[in-house]
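Visitor: everything below, folded, please.
(one chain, ligands or ions: 2)
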Amino acid sequence: MRTWPSPAIPKLPGRGPQVCLFDTSAQAFRPTSPGEVATLYVCGITPYDSTHLGHAATYVAFDLLQRAWIDAGHRVHYVQNITDVDDPLLARAAATGQDWQELAAREEARFVDDMTELRLRAPDEWVSVVESIPHVLAAIERLQEAGAVYDLDGDLYFSVQSDPRFGAISNLDEEAMIELSAERGGDPDRLGKRHPLDAVLWRHQRPGEPSWPSPFGAGRPGWHIECVAIAVDELGMPFDVQGGGRDLVFPHHEIGASQGHVLEESWPFARLFSHAGMVGYQGEKMSKSLGNLVFVSQLRADHDPMAIRLALLAHHYRADWEWTDADLTAATKRLERWRTAVSWPTGPPADKVLDEVRRHLADDLDAPAALDVIDAWAREQQVRGGDDPGAPGVVSRLSDALLGVAL
Ligand code: 5CA
Ligand code: ZN
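Guide: Ligands and ions are numbered 1, 2, ... in the order given. Here you go, the predicted model:
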């Protein structure tokens, strides 16, 4: 799939520190220790009703991670999927009388514009389900060889009991897993399954649904195996970080990791699992099914995209928070203050600003603390000024390089 042009990232003096993240699996802060090339898989959109601010907040979080890695001297190999074949997308297309491919293409185009305007690095590979069918089929065959697959009335299921490590990502008890599975696309109540949490790998063709030929009959892939097949094909196992919103911890990332373990006969799937908090609106998680959405594209009509980005950065990526209009008003003022402060020919020294912003971002992507540091410099500039001719340029470049906020 064609991606968008990545923004140029200005070079900064020196190097940032090693980046630590909170690991969902270990329930602890852990250093990311990538080699020369840091590898990242972030779960992509299901292209309908995108891009809302919750999506944008999650992708901005993993953009910060990449910028911190690059600043620490790594190259980044970043993969994202597009769930362009899945139940909710097909249901939306059917309910609104649209062709599912046209719906997906239109939403992807809007997502590309939003990501470009918000200055997010583009994935090196942006792979849709439609493009990944051969890899999905190969992965299912390998799972079959490992004895982890069974047939239920023509649908193929992955047996979660085939992976002794199942449960290690989410750390949930079975009751909680079953509840979340029912809420998030699973079918724990389907009769005939060996275990309620077993997940569909290949769904045989239903009337009116798109399908692909396969050795198991015409059908389409289940959700989790799509991300596993793409990640293993593009990055191999283990890769450094799997990211997404917290709503993906269970079942998506738990079952995906198990599928990876069984099919590659190795562990771990990813070295670290990182999850962004949920953005809400009007008292509920912002979600397509609830319809309480604020779209980036709507806001872009009247607001500077850099103010939208700053509004997202003002919340720690792991926090659950609720969007209000006041977020954007405050961010617009902050952007103006910063732009004024860097427009002067000289300013207060900025070496410490760079060190502190780097330190905060390397510490589990603490963007709010990083914004405070730049605020303090801008206030000093406004109140007392300074005589360092390099300082405004350094602050401007670090805001762009590390936060993705071009001033
Ligand atoms: N296609 C799947 C992942 S394979 C999917 O979850 N698509 S999505 O369009 O529903 O979400 C895209 C990304 O945004 C996912 O990482 C998801 O966890 C995240 N996300 C969805 N809603 C929110 C929200 N309200 N707040 C923060 N992140 C969210
Ligand atoms: Zn995914």
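Visitor: quick one: contacts for the closest residue to I9 other than its chain neighbours?
Guide: Spatial nearest neighbour of I9, excluding adjacent residues (C-beta to C-beta, 6 or more residues apart in numbering): A401 at 5.1 Å. All C-beta atoms are positioned from the backbone trio N, CA, C, and that covers glycine. Taking C-beta atoms under 8 Å, 6 or more residues apart in numbering, we find A401 in contact with I9, P10, K11, L12, R67, D71.
Visitor: show me what from the stretch 1-150 of the chain comes close to ligand 1.
Guide: Contact residues (C-beta under 6 Å from any ligand atom) of the stretch 1-150 of the chain with ligand 1: C43, G44, I45, T46, S50, G54, H55, A57, T58, N81, T83.
Visitor: okay, strands next: where are they in the stretch 101-250 of the chain?
Guide: Ranges of strands within the stretch 101-250 of the chain are 125-128, 149-152, 155-158, 199-204, 219-221, 239-245, based on DSSP state E, counting those that start in this stretch.
Visitor: against which helices or strands is the last one packed?
Guide: Same thing as strand 239-245. Judged by 3 or more C-beta pairs under 8 Å, 6 or more residues apart in numbering; DSSP states H and E, strand 239-245 is in contact with strand 37-42, helix 53-71, strand 270-276.
Visitor: rank the residues of the stretch 1-150 of the chain next to ligand 1 by pLDDT and give me only the lowest.
Guide: Lowest pLDDT among these: S50, with 86.
Visitor: follow-up on the earlier one: closest one to ligand 2 among the helices and strands packed on strand 239-245?
Guide: Taking C-beta to the ion, strand 37-42 is the member of the helices and strands packed on strand 239-245 nearest to ligand 2, at 8.1 Å.
Visitor: sorry, back to before: who wins on neighbours among the contacts of A401?
Guide: D71 (24 neighbours; other C-beta atoms under 10 Å).
Visitor: residues contacting that one?
Guide: D71 sits next to L12, R15, G16, R358, A401, L402 when contact means C-beta under 8 Å, 6+ apart.
Visitor: which among the residues you listed gets closest to ligand 2?
Guide: Looking across those and measuring by C-beta to the ion, the closest to ligand 2 is L402, at 26.9 Å.
Visitor: picking that back up, could you export the contacts of A401 as TSV, including pLDDT?
Guide: Listed next are those as TSV, based on pLDDT from 0 to 100:
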residue	pLDDT
I9	98
P10	97
K11	94
L12	97
R67	98
D71	98
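Visitor: and the contacts of stretch 324-339?
Guide: With C-beta under 8 Å, 6+ apart as the test, stretch 324-339 has contacts from 299, 303-304, 306-308, 310-311, 314, 371, 374-375, 378, 382, 395, 399, 405, 407.
Visitor: before we move on, what about stretch 218-229?
Guide: 41, 43, 81, 83, 85-86, 129, 132-133, 135-136, 138-140, 154-155, 158, 185, 199-205, 209-212, 251-252, 255-256, 259-260, 263, 269.
Visitor: do the lowest-mean-pLDDT helix or strand in the chain and ligand 1 meet at all?
Guide: Among the helical and strand segments of the chain, the one scoring lowest on mean pLDDT, DSSP states H and E is strand 284-285, with a mean of 84. Yes: counting by C-beta under 6 Å from any ligand atom, contacts between strand 284-285 and ligand 1 involve K285.
Visitor: and the helix or strand that that strand is followed by, how far from the chain's centre?
Guide: Following strand 284-285 in sequence order, the next helix or strand is helix 296-302 (DSSP states H and E). On the basis of C-alpha atoms, centre = their mean, to the nearest Å, helix 296-302 sits 21 Å off its chain's mean C-alpha point.
Visitor: now the helix or strand following helix 296-302 against helix 53-71, angle please.
Guide: For helix 296-302, the following helix or strand on the C-terminal side (DSSP H and E) is helix 305-313. With axes from the mean of the first three to the mean of the last three C-alpha atoms, to 10 degrees defining the directions, helix 305-313 sits at 90 degrees from helix 53-71.
Visitor: before we move on, the earlier item: how far off centre is the least confident helix or strand of the chain?
Guide: The answer for strand 284-285 is 18 Å, by C-alpha atoms, centre = their mean.
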